[in-house]
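Chemist: coords below, sequence missing:
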């Protein structure tokens, strides 16, 4: 039980909904979010990922892992998709056994579809980032998703303003837009934290190497070392070839690149290594 925490606001919020006569709607909505997080939790346990604690919030539950980052892209895809998948399954069985217009069906479908939008902090963004990481590296994939989130947030805001103007009361899209944009503010130091993580885990990766896919990357001799780090991902070993006048003049392992960045600083370029 020590791994389960409760937000102090949960019980006051529950009491408010009971007093307003919306306990049924609150219960069904909370159950929908509970099933969603249970899907994530099932995949976390199945993939052997370590859990720090589960926290019951006023409008659902949050899951806190012992590590901030997934070392395996497949783990992140499975965990992220686990939540929406459970909601789709629940909606399907609810459709079979409940009234076709039942609130519980629409709640599960809405949560599943909404969470598959490729915008932070939603599951869709994490699935897409995990898919892109082997091709572009973690940091470049993350930056792409940040840009995509800003675009989606802006589109939803404009759509929300139009709908609000026509209906005079429906401002839900504006709230969703604000939610997505607000969550980006908490991610602003994410890239730097990941860069430091990649450096600190290099020795651990070296110990684990028995067989690992290799990714070859060609760079110009004037390419900044700090940008080379952006190409890295945990599940691949990277070899960098320096190209000058169409010829390979030098080759560096990712270990040599990381060592050079530590010794020479973030302003150093590839040419400073030889």
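Modeler: Ah, there it is. On a predicted model such as this, the values are computed, not experimentally measured, just so you know.

Chemist: Does residue 41 lie in a helix or a strand, and which?
Modeler: Per DSSP states H and E: residue 41 is located in helix 23-46.

Chemist: next one: residue 63
Modeler: strand 60-65.

Chemist: What residues sit buried inside the next helix or strand after that strand?
Modeler: Using DSSP H and E, the next helix or strand after strand 60-65 towards the C-terminus is helix 73-97. When burial is assessed from 16 or more other C-beta atoms under 10 Å, helix 73-97 yields the following buried residues: 73, 75-88, 90-91, 94. Just so you know, the C-beta spots here come from the backbone N, C-alpha and C atoms, and that holds for glycine as well.

Chemist: now what about the helix holding residue 41, what contacts it?
Modeler: Helix 23-46 has contacts (C-beta atoms under 8 Å, 6 or more residues apart in numbering) with 14, 17-18, 51, 54, 59-63, 65, 78-87, 90, 103-104, 107-108, 111-112, 115.

Chemist: Please report phi then psi for the residue of the chain most remote from its centre.
Modeler: Relative to the centre of the chain, and counting by C-alpha atoms, centre = their mean, the farthest-placed residue is residue 245 at 40.0 Å. Dihedral pair for residue 245: phi 60, psi 40, per degrees, to the nearest 10.

Chemist: Quick check: it vs residue 257, distance?
Modeler: Distance, residue 245 to residue 257, by C-beta to C-beta, to the nearest Å: 22 Å.

Chemist: Show me what counts as buried in the longest helix belonging to the chain.
Modeler: The longest helix of the chain (DSSP state H) is helix 138-167. Buried residues in helix 138-167, counted by 16+ other C-beta under 10 Å: 138-142, 144-146, 148-149, 152-153, 156-157, 160, 163.

Chemist: Show me which of these is closest to residue 212.
Modeler: Set against residue 212, the nearest of the buried residues of helix 138-167 by C-beta to C-beta is residue 138 (15.8 Å).

Chemist: is it true that the closest one touches residue 233?
Modeler: Yes: between residue 138 and residue 233 there is a contact at 5.2 Å, judged by C-beta atoms under 8 Å.

Chemist: all helices of the stretch 101-250 of the chain, in order?
Modeler: Under the criterion DSSP state H, counting those that start in this stretch, the stretch 101-250 of the chain contains helices at 103-115, 123-136, 138-167, 172-185, 190-200, 202-208, 225-229.

Chemist: could you say what helices and strands the third one packs with?
Modeler: When you say that, I think you mean helix 138-167. Identification of packing neighbours for helix 138-167 by 3 or more C-beta pairs under 8 Å, 6 or more residues apart in numbering; DSSP states H and E yields helix 123-136, helix 172-185, helix 190-200.

Chemist: Please repeat the previous calculation with a cut-off of 10 Å.
Modeler: Judged by 3 or more C-beta pairs under 10 Å, 6 or more residues apart in numbering; DSSP states H and E, the packing partners of helix 138-167 are helix 123-136, helix 172-185, helix 190-200, helix 225-229.
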